[in-house]
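K.L.:
starting from these lines, generate the structure:
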Amino acid sequence: MNVENKYIRFDWVVKRMLRDKANFGVLEGLITVLLGEPVHIVEILESEGNQETDDDKYNRVDVKAKNDRDEIFIVEVQLTRQLYYLERILYGVAKTLTEHIKLGHLYNEVKKVYSISIVYFDLGKGSDYLYHGQTSFIGVHTNDKLEINTKENDIIKMKTPEAVFPEYFIIRVNQFNDVARTPLDEWLDYLKNGHIKDDTTAPGLSEAREKLEYLSMSDAERHAYERHLDAIMVQEDVLTTAKIEGRAEGRAEGRAEGRAEGRAEGRAEGRAEGRAEGRAEGRAEGRAEGRAEGRAEGRAEGEHTKSVAVARKLKELGVDTSVIMESTGLTEEDINSL
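P.N.:
Here you go, the predicted structure:
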């Protein structure tokens, strides 16, 4: 490992260190920067993704925390691509909401939930590295925001939906442009590059400088951490190699099949149209349409072939079937038949 990157990766911090109350300040700093107001964590809640066993999958860690206003924060680090990521974070929020209200209790006990996703893969289109989502009700004809009557301390008050509904933050780490000008930029510089300025005043990063130095780890901690980094590198290399090989095989097979099918369909359609409009025009149009349809079908079959190649590589390496399904879009039957 390169010792110049002297601060421990944040996914390791979430996985192994944030259960210790002495380290809450690091997570508080990130949430404070995102919300624009001080946040104080009072406890870390149980979270199924926060695994500490040697055989965990390394690509996802998360932590649930609660502040002194009983608001809940789901902080999730995702290292590798997942096809249904939006559905996953929605499910996580819904599950958290139901876990923290007892059957038969009043709805005013529903907790405000913040979902913070830190992703290290290409999530889709968008040029920013931070996206924020809220729920508001806007008048279709008047364009005004709806406010709702609510009762607090026996007084009727007005409340907007965004004060109740979950909020979502998605941090696309790899989209950060490496220029740290604001506290949020400094946090992204740490998340992406492991850099923390000596004179940083960003909330949480001062604590990180004191607690997250690589060289301050014990030999056992350093060994476990380096195994974690090695596992991440191997997994990323496997996925990248499988994708490259799958694309190459898919293109080759797709081109060959597409040309053959295109010629056959082109001749058939050309003859049919040629009888009505003339052999010369029919042959020209038939070839053009045949080539276009052949290329389209070739690309579709090529994409399927690429997915099969990726799945075969991952299956050979013992990757879990559910992960292969999410990564390739293939069904369980397709994967079992490989």
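K.L.:
contacts only, for residue 174.
P.N.:
Contact analysis of residue 174 by Cβ atoms under 8 Å, 6 or more residues apart in numbering lists 120-122, 192. Every C-beta, even on glycine, is put in place using the N, C-alpha and C of the backbone.
K.L.:
neighbour-wise, give me the winner out of the residues you listed.
P.N.:
Tallying neighbours with other Cβ atoms under 10 Å puts residue 120 at the head of the contacts of residue 174, with 21 neighbours.
K.L.:
if I read this right, that one contacts residue 81, doesn't it?
P.N.:
No. The pair residue 120 / residue 81 is not scored as a contact, 9.5 Å apart, by Cβ atoms under 8 Å.
K.L.:
ok, residues contacting stretch 199-217?
P.N.:
By Cβ under 8 Å, 6+ apart, the residues outside stretch 199-217 that reach it are 1, 3, 5-8, 13, 17, 22-23, 25-30, 32-33, 38, 183-184, 186-187, 190, 196-198, 222, 225.
K.L.:
buried ones in it?
P.N.:
The neighbour-count criterion (16 or more other Cβ atoms under 10 Å) identifies 200, 202-209, 211-212, 214 as the buried residues of stretch 199-217.
K.L.:
let me see the domain layout of this structure.
P.N.:
10-216, 229-336 (automatic domain parsing).
K.L.:
any chance of TSV for the ones you listed, columns mean pLDDT?
P.N.:
Shown next, in TSV, are the domains of the chain (pLDDT from 0 to 100):
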stretch	mean pLDDT
domain 10-216	85
domain 229-336	69
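K.L.:
I'd like to know the beta-bridge partner residues of the spatially most central residue of the chain.
P.N.:
In the chain, the C-alpha nearest the mean C-alpha coordinate belongs to residue 119, at 4.5 Å (Cα atoms, centre = their mean). With DSSP bridges applied, residue 119 shows beta-bridge pairing to residue 78, residue 172.
K.L.:
isn't it up against residue 85?
P.N.:
Yes. Using Cβ under 8 Å, residue 119 makes contact with residue 85 at a distance of 7.3 Å.
K.L.:
between these two, what contacts are shared?
P.N.:
Taking Cβ under 8 Å, 6+ apart as the contact rule, the neighbours common to residue 119 and residue 85 are residue 78.
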